[in-house]
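Peer 1: Show me how the following folds:
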Amino acid sequence: MDGLDSMVEEVRQALKPYEFRTFLVGATLPTQIHDREDALRARFKIRGRESAKNQLTREIGQRLARRLKKKTDYLKPDVLVNLTVDKDNCITTTVKARPIAFEGRYVKKVRGLPQKQERCAMCLGKGCPLCDYSGLAGYDSVEGIITQHLMAATGGQTPKISWIGSEDQSSLVLGRGRPFYVRISDPKSRHIKKIFSKDWVTVRITGVLEDIPDTQTRFSVKTKIVAKCDRTLAASDMSKLRLLAGREVKFENKSKVTTKKIYALRASKTSDNEASITITADGGLPIKQFIGGEEYMDPNISQLLGAKCQCVTFDILAVDIQ
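Peer 2: Numbers count the residues shown, from 1 in each chain. Alright, predicted model coming up:
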């Protein structure tokens, strides 16, 4: 307790990189201090009084609050300070910031850029010095662009992204973009630039969250598809396709039958054997299988037209959270 002022100064220096409004101080004391305290309490029959550990953290917390003009928060502090005291009274200070979460949307106006990035081969996504604590093997994807920017902006580590659906590497994502959630560990700053762009990808942060939602978000997707058929298409074929509006599509997903509804569908012939199809349906409808019908999917475009069809490209026009 004679070293409280030096402890406070050490904590203050450790907190310098962090942007915060509230904090909490914890401590880990050596076993012999707890043993001596227990012996003292037993000898004098002391019950219900403040422990040495609590007195230490309270005193340091009060002095820090006065010096930094910050508040103590026992429930959700922005930063948690822990003092580890060894048997020789040497003190180690560690600071950990509460994770921060955002919701956002991205627009992708280039083909050939994947949505997700491969994990770091060393840490398998946990974060290590080899990947600069990103958990990724690189930054040549939408995930990499978002991760690299948010790590630099917040000073945090291992952003974890929860995607609202996915698209093909060759797909464009247009309109207001695809929504996503992201949580960042140990952020030094809790305020970031709302819009940033790189490599024809524009990301917009739309809100700050307490945490990433732990339930599967329901959403609908408007998709423009270019489909190619192995025979010449007729006007009657387009009429058949339009009848899919309002129907449900059933298919096998992870050994169970899943149902997705088609809310709207427009189809037009663009060449002898190609058609443009714009479909609005529940999120999670596998577009390539819906066109080609290689796996169990009822109905599907190939089955409906009685010919082999394939998806040339598909672009995301809108994603709406329900």
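Peer 1: Phi and psi next, for Arg183.
Peer 2: phi -120, psi 130 (degrees, to the nearest 10).
Peer 1: what are the bridge partners for it, then?
Peer 2: Ala101, Lys160 (DSSP bridges).
Peer 1: Would you tell me what helix or strand Leu244 is located in?
Peer 2: For Leu244, there is no host helix or strand (DSSP states H and E).
Peer 1: Tell me the spacing between Arg43 and Arg36.
Peer 2: Distance of Arg43 to Arg36, given as C-beta to C-beta, to the nearest Å: 11 Å. Bear in mind the C-beta positions are built from the backbone N, C-alpha and C, glycine included.
Peer 1: Those two - which one has more neighbours?
Peer 2: Arg36 (11 against 8; other C-beta atoms under 10 Å).
Peer 1: can you tell me how far the more buried one sits from Ala227?
Peer 2: For Arg36, the distance to Ala227 equals 79 Å [C-beta to C-beta].
Peer 1: Which helix runs longest in the chain?
Peer 2: In the chain, taking DSSP state H as the definition, the longest helix is helix 52-68.
Peer 1: elements contacting that one?
Peer 2: Helix 52-68 is packed against helix 4-15, strand 22-28, helix 31-44, strand 71-72, strand 79-85, with contacts defined by 3 or more C-beta pairs under 8 Å, 6 or more residues apart in numbering; DSSP states H and E.
Peer 1: again, 7 Å this time
Peer 2: Using 3 or more C-beta pairs under 7 Å, 6 or more residues apart in numbering; DSSP states H and E as the contact test, the elements touching helix 52-68 are helix 4-15, strand 22-28, strand 71-72.
Peer 1: and these, which is most packed in?
Peer 2: Most buried of the helices and strands packed on helix 52-68, by mean neighbour count (mean count of other C-beta atoms under 10 Å): strand 22-28, with a mean of 18.
Peer 1: Would you map the helices across the stretch 201-322 of the chain?
Peer 2: Counting by DSSP state H, counting those that start in this stretch, the stretch 201-322 of the chain has helices at residues 235-242, 287-292, 301-305.
Peer 1: ditto for the stretch 51-200 of the chain
Peer 2: For the stretch 51-200 of the chain, applying DSSP H, counting those that start in this stretch gives helices covering 52-68, 142-154.
Peer 1: Please identify the deepest-packed of these.
Peer 2: The highest mean neighbour count among the helices of the stretch 51-200 of the chain, using mean count of other C-beta under 10 Å, belongs to helix 142-154: a mean of 21.
Peer 1: residues near Cys90, how many?
Peer 2: By the criterion of other C-beta under 10 Å, Cys90 has 8 neighbours.
Peer 1: now Asp282
Peer 2: Residues contacting Asp282 under the criterion other C-beta under 10 Å number 18.
Peer 1: for it, what are its contacts?
Peer 2: Contact analysis of Asp282 by C-beta atoms under 7 Å, 6 or more residues apart in numbering lists Ser220, Lys260, Lys261.
Peer 1: Give me the buried subset of those residues.
Peer 2: Buried by 16 or more other C-beta atoms under 10 Å: Ser220, Lys260, out of those.
Peer 1: Just the ones of the contacts of Asp282 in strands?
Peer 2: Ser220, Lys260, Lys261 (DSSP state E).
Peer 1: Out of those, which is nearest to Leu68?
Peer 2: Proximity of these to Leu68 (C-beta to C-beta) peaks at Ser220, which lies at 48.0 Å.
Peer 1: separation between that closest one and Ile262?
Peer 2: To Ile262, Ser220 is 10 Å away according to C-beta to C-beta.
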